[in-house]
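Trainee: A predicted structure for the sequence below; I have some questions about it.
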Amino acid sequence: MGTMNISLPDSLKEYVDEQVGECGYGTSSEYVCELIRKDQDRKRLRTMILQGATSGLADPADSDYFESLRARVRISRK
């Protein structure tokens, strides 16, 4: 695991320390790692949304579509 040292203004350091105490993180590093993971997730989701928005129209999600999904679930449960 790599190491990174960061400098924060006192107000941000106090905030991080509060979050560590209030949210059950063991260390400030755990808190920062969680923030970075959430940022990565947000970027992945944004990419997927943009890909979906530019992918063109899909078939309509009508009652036949949902019935075919139900049928696939019933088959997979057997």
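Mentor: That came through fine. Numbers count the residues shown, from 1 in each chain.
Trainee: Longest helix of this structure, counting residues only.
Mentor: The longest helix of the chain (DSSP state H) is helix 28-54.
Trainee: buried stuff in that helix?
Mentor: By neighbour count with 16 or more other C-beta atoms under 10 Å, helix 28-54 contains the buried residues 31-32. (C-beta placed from N, C-alpha, C; glycine too.)
Trainee: now it, how far from the centre of its chain.
Mentor: 5 Å (C-alpha atoms, centre = their mean, to the nearest Å).
Trainee: Tell me the helices and strands packed up against that helix.
Mentor: Judged by 3 or more C-beta pairs under 8 Å, 6 or more residues apart in numbering; DSSP states H and E, the packing partners of helix 28-54 are helix 10-23.
Trainee: tell me which residues in the helix it packs on are buried?
Mentor: For helix 10-23, by 16+ other C-beta under 10 Å, it's 16, 19-20.
Trainee: TSV for those, including distance to Gln51 and pLDDT?
Mentor: Shown next, in TSV, are the buried residues of helix 10-23 (distance: C-beta to C-beta, whole Å; pLDDT from 0 to 100):
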residue	distance to Gln51	pLDDT
Val16	34	97
Gln19	33	97
Val20	36	97
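Trainee: Now that we're looking at the residue most central in space within the chain, what pLDDT does it have?
Mentor: Nearest residue to the geometric centre of the chain (C-alpha atoms, centre = their mean): Asp41, 3.5 Å. Looking at Asp41, its pLDDT reads 98.
Trainee: From Thr47, how far off is it?
Mentor: According to C-beta to C-beta, to the nearest Å, Asp41 and Thr47 sit 11 Å apart.
Trainee: before we move on, what about Ser7?
Mentor: 31 Å.
Trainee: mind listing what's buried in the helix or strand of the chain with the lowest mean pLDDT?
Mentor: Of all helical and strand segments in the chain, the minimum by mean pLDDT, DSSP states H and E falls on helix 63-77, at a mean of 92. Under the neighbour-count criterion of 16+ other C-beta under 10 Å, helix 63-77 has nothing buried.
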